[in-house]
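Novice: coords below, sequence missing:
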């Protein structure tokens, strides 16, 4: 049956180049839809085995729709062509893409969102497993997929409406790049320095060096702005400003340390700016003789009132704060324009006496060079000016309140730097071209006829200020901080500009500090500060953060010495700049594919230069403040690193760590292995690591900080179920290892059999030189009750390890390793406890309502309480019984599972080094003794020898061990290893193997041959006779072990090797069983017969 396109639902009825149709299978529908007829491009008929569709959607993209397409990609906006759910009552559901029935979705921005995204809900695309399975079943979509679509997880139409409704309901206030970034940055950069210090700076440094001072400051801020632009355009930027940028680039360690001091710096900066404002007001009061108490207390009073007013504006909401900033900017611009206008207004005698002569070439020439006085120099003047160039992060700090942070922050910040730089240079040059360095202010200090001017521009202009050389004067660039007020057309406007500059900077800092602090607290980097993460109102305002900032600002206004704290605050800001530059460099250097900033005008080496320049400027401004900043940051960095917050932001630190690990792994491959560098690199067959913790613990003991450890699990059974279970458990089991501080990796495979899986792991695990060289496996305690295939697989794994030339360690403890039953019971008990607590909580919630029901309610309550007591009693009885059962039955197993976690007391590790395997048998116990838990255990060596050469054998072994630098407590030469075991031991061995013997000698040849074919795994009489001596040896060794090592903390024993294809699996298992029976923990070790020890240097 054909399915044609319905033009009435298309965005463009003539377009047919790209289409997505949603088709329901409706067996009752006989509707036929009309074909879409168009001249371009050609129409393709689509065929399916379903009935006609009711709902179809086609998304059309042609060159003419480019603008709409770009808008969709960049902003993630939903169009009418967004995918809609179909009639989900039908059991079959299809997506038709490019003319084919498939679940494959087309590229869509909503699939790439984070969970909880503000700009839209995250959609879940079909998993690869769903796509793969559906293709195998002729694209029949499961009911679960239909339900997922019906629930809105894969729809965009309903999601778009929901998103808009949410936005309308909450009423977010978002700012554009002008009001949100440009205005804030300009106000924060233009401070009181512009009005009261810039003229002094240009007087000291001259026009030439003054411009260099400004330019050098701007270089620092511009490089930081460029780096910040690159970081901002490398993905969506959330709230948090500098903290967000640094933490997402360099990780929580750097971000957490700089975020805290940056927020604190902004809080203290509020006090600094407010005190600057208060000082100006007090000066005006002083001039009018209106001091309230005294100067210092008046500053406190005015500062307190000002901070309270600013706090009120901030708490009222970002919209009110933004309006206040715009008003302050207008005042500031008028004040600056007022100055430039004043420079061209003809001067008068009073102003001339104060050094102002309008634009004069002679004054420009005289002031072009430097004239440093009072011990000032280039760097000291630079240190005074540089804080005037800061403030470029004011826009970034409210990144969460911007409509488009990616576009707004780079554009607004860079333009603000440009405008403010031009203003600074313009004011400096104009002031130095109009005003002389020194003036007396006395209108009578005119030039006497015939007086020699000696090149003085003031003298040439008719004024004699020569006495300023011998005594201090009050006017001129060098002496009067109110030069701009004197030069301006209307002096009070400059005062208004000072007010505007201080208040706007204070307001910006008062907003920035809580916003940054809130973002830091939300990330829970410092768990104790999470209280301040809560936001209020439509814009999620950090009211708690505002109160904290207010308290800090008030404290510094009332008690702090701001002149002392100011350099530290400046260095806090510079540290942020340095880390932003370093973040850009680090992200570029790591070469992560995820580093794709839309802002292309950056270079990683220039960013590194910017970071170093910021660090240099920190010491230029104040060396002790720089040291304090570094110490505080280092302390916070160490603290966050120690706490290890559970966050993963894909930082460049992770990327660089990967690059270093990869480079190191590749470098290792170019170097041949050397025996001196040998270390056990173990592949431990633990299954899920929490199931056999003791096996993992003993392996981890000799691999921790020393070698590779891989915990492996083999899934057998139906492949589909195995793969699904394996994939779902990977991250969980690796997380368990990390949580329990096990320095190990987890690996799993799905295979047809246990042996096949282990064979794959033995061949493919590891990377380059970091490949396993030792197999660690637990002893199969239940081999006598297990299926034949299980025993064959177990012994086959040991054969495979030898085939691949791996050392092998078989570990046996008395209680066994598997504690899965205990874990299962514990899990059930935890569920019962949770249910009990939930029941109690429900009863408590209902009690209040029952108390309102009068007498009837009273009796109901009494009856309820009786029932509750009865239920609680029953439950507690069940729990007690189960707990007792678990305690009695599994107590020994639980103790055994943790025995290698405990510190071993004084004792011995007995090494039965019977065969030379290259030294692994002696190396493993030596590594154990250098571990903290085993350091009190001494090594005792047992080896075979002849009765008549005991002392010689001891000397030979002692000499060998001393050359290997391995300390030992004792050496024992065992001379009777080859004696026959006693009858009881041998009888036990024979009884153990009896069920697995073929006994062919007692049967006729035909019957014997038939039995061999039917049960090839059984032990033949010929085999038993051929290996009788070896069987004797294993039984005898157990007797000797019982005699000499019964009290040892650990026994390390040479593992016997069974010839492949000659010794049957059950005979070999019997050897291992009798060899290690009724003993302390035993490690049966066999190296790969290649040297792992050397006595050469």
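Specialist: That came through, no problem. Because the structure is predicted, anything quoted here is derived from the model rather than measured.

Novice: and stretch 1047-1056, average pLDDT?
Specialist: For stretch 1047-1056, the per-residue pLDDT values average out at 94.

Novice: ok now that stretch, how far from the chain's centre?
Specialist: Distance of stretch 1047-1056 from its chain centroid, counting by Cα atoms, centre = their mean, to the nearest Å, is 44 Å.

Novice: what lies in contact with it?
Specialist: Here stretch 1047-1056 makes contact (Cβ atoms under 8 Å, 6 or more residues apart in numbering) with 808-810, 904-905, 907-915, 917, 921, 924-925, 928, 934, 937, 940, 1030, 1034, 1037, 1041, 1045, 1068, 1071-1072, 1075-1076, 1079-1086. For every residue, glycine as well, the C-beta is placed using N, CA and C.

Novice: what's the PyMOL line that selects buried ones from these?
Specialist: In PyMOL, a selection of the buried entries from those looks like this (16 or more other Cβ atoms under 10 Å):
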select buried, resi 808+809+810+904+908+909+910+911+912+913+914+917+921+924+925+928+934+937+940+1034+1037+1041+1045+1068+1071+1072+1075+1076+1079+1080+1081+1082+1083+1084+1085+1086
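
Novice: so where's the stretch 501-650 of the chain uncertain?
Specialist: 559-564 (pLDDT under 70).

Novice: over to the stretch 701-850 of the chain?
Specialist: Along the stretch 701-850 of the chain, segments meeting pLDDT under 70 span 847-850.

Novice: ok, the residue nearest to the spatial centre of the chain to residue 523 distance?
Specialist: The chain has residue 648 as the residue nearest its centroid, 2.8 Å off, counting by Cα atoms, centre = their mean. Distance of residue 648 to residue 523, given as Cβ to Cβ, to the nearest Å: 11 Å.

Novice: likewise for residue 540?
Specialist: 15 Å.

Novice: and these two? Which one has more around it.
Specialist: Shown here are residue 540 and residue 523; by other Cβ atoms under 10 Å, residue 523 has more neighbours (22 against 18).

Novice: hang on, isn't the more buried one packed against residue 247?
Specialist: Yes: in terms of Cβ atoms under 8 Å, residue 523 counts as a neighbour of residue 247; the distance is 7.1 Å.

Novice: mind listing the shared neighbours of the two?
Specialist: residue 256.

Novice: so who does the closest residue to residue 781 other than its chain neighbours touch?
Specialist: In this structure, residue 781 finds its nearest non-sequential neighbour in residue 816, 4.7 Å apart by Cβ to Cβ, 6 or more residues apart in numbering. Contact analysis of residue 816 by Cβ under 8 Å, 6+ apart lists 778, 781, 893, 896.

Novice: let's verify residue 816: helix, strand, or coil?
Specialist: On the three-state scheme (DSSP: H, G, I helix; E, B strand; the rest coil), residue 816 is labelled coil.

Novice: roughly how far apart are it and residue 645?
Specialist: 39 Å.

Novice: what's the answer for residue 990, then?
Specialist: Taken as Cβ to Cβ, the span from residue 990 to residue 645 is 62 Å.

Novice: which one of the two has more residues nearby?
Specialist: Between residue 990 and residue 645, counted using other Cβ under 10 Å, residue 645 has the larger neighbour count: 17 against 14.

Novice: which outside residues touch the one helix or strand residue 661 maps to?
Specialist: Element membership of residue 661 [criterion: DSSP states H and E] is helix 652-669. Residues outside helix 652-669 that contact it (Cβ under 8 Å, 6+ apart) are 249-251, 253-254, 583, 586-587, 589-592, 594-595, 767-770.

Novice: let's see 10 Å
Specialist: 231, 248-254, 582-595, 648, 651, 677, 766-770 (Cβ atoms under 10 Å, 6 or more residues apart in numbering).

Novice: looking at the contacts of residue 816, which are in strands?
Specialist: residue 778 (DSSP state E).

Novice: nearest to residue 826, of the contacts of residue 816?
Specialist: residue 893 (12.1 Å; Cβ to Cβ).

Novice: from residue 937, how far out is the closest residue in space to that closest one that isn't next to it in sequence?
Specialist: Nearest residue to residue 893, sequence neighbours excluded (Cβ to Cβ, 6+ apart): residue 815, at 4.9 Å. In this view, residue 815 and residue 937 are 21 Å apart by Cβ to Cβ.

Novice: kindly report the same for residue 337.
Specialist: Distance from residue 337 to residue 937, by Cβ to Cβ: 85 Å.

Novice: and for residue 893?
Specialist: 24 Å.

Novice: do residue 544 as well
Specialist: Residue 544 is 56 Å from residue 937, by Cβ to Cβ.

Novice: can you check residue 193 too?
Specialist: 70 Å.

Novice: also residue 1058?
Specialist: 31 Å.

Novice: now residue 899
Specialist: For residue 899 relative to residue 937 (Cβ to Cβ), the value is 13 Å.

Novice: ditto for residue 792
Specialist: 37 Å.

Novice: ranges for the helices of the stretch 301-450 of the chain?
Specialist: Assigned by DSSP state H, counting those that start in this stretch, the helices in the stretch 301-450 of the chain fall at 318-344, 349-353, 361-368, 378-385, 405-434.

Novice: give me the three-state assignment for residue 750.
Specialist: Residue 750 is classified as strand under three-state DSSP.

Novice: which phi and psi does the closest residue to it other than its chain neighbours have?
Specialist: Leaving aside its sequence neighbours, residue 750 sits nearest to residue 722 (Cβ to Cβ, 6+ apart; 4.0 Å). When read as degrees, to the nearest 10, the backbone of residue 722 gives phi -60, psi -50.

Novice: could you do residue 574 as well?
Specialist: Note on residue 574: its backbone torsions stand at phi -60, psi -40 [degrees, to the nearest 10].

Novice: was I right about it contacting residue 386?
Specialist: Yes: using Cβ atoms under 10 Å, residue 574 makes contact with residue 386 at a distance of 8.3 Å.

Novice: neighbour count for those two, which is higher?
Specialist: Set residue 574 next to residue 386 and count neighbours by other Cβ under 10 Å: residue 574 wins out with 28 against 23.

Novice: flag the shaky bits of the stretch 51-200 of the chain, pLDDT-wise.
Specialist: For the stretch 51-200 of the chain, the ranges with pLDDT under 70 are 51-103, 114-120, 128-129, 131-173.

Novice: quick one, strands of the stretch 401-550 of the chain?
Specialist: Counting by DSSP state E, counting those that start in this stretch, the stretch 401-550 of the chain forms no strands at all.

Novice: and the contacts of whichever helix or strand comes after the helix holding residue 661?
Specialist: Once helix 652-669 ends, the next helix or strand along the chain (criterion: DSSP H and E) is strand 682-684. Strand 682-684 is contacted by residues 692, 695-696, 698-700, 702-703, 707-712, 744-745, 747, 758, 761-762, 765-766, 771-778, 801, 806-807, 809, 811, 924 when judged by Cβ under 10 Å, 6+ apart.

Novice: in its sheet, what does strand 682-684 sit against?
Specialist: strand 709-716 (parallel), strand 774-778 (parallel) (DSSP bridges).

Novice: surely residue 324 touches residue 313?
Specialist: Yes: at 5.3 Å, residue 324 counts as touching residue 313 under the criterion of Cβ under 10 Å.

Novice: identify the contacts common to the two.
Specialist: With Cβ under 10 Å, 6+ apart, residue 324 and residue 313 have common neighbours 503, 507.

Novice: contacts only, for the nearest residue to residue 641 once chain neighbours are set aside.
Specialist: Nearest residue to residue 641, sequence neighbours excluded (Cβ to Cβ, 6+ apart): residue 253, at 5.0 Å. Residue 253 makes contact with 247, 525, 636-645, 651, 653, according to Cβ under 10 Å, 6+ apart.
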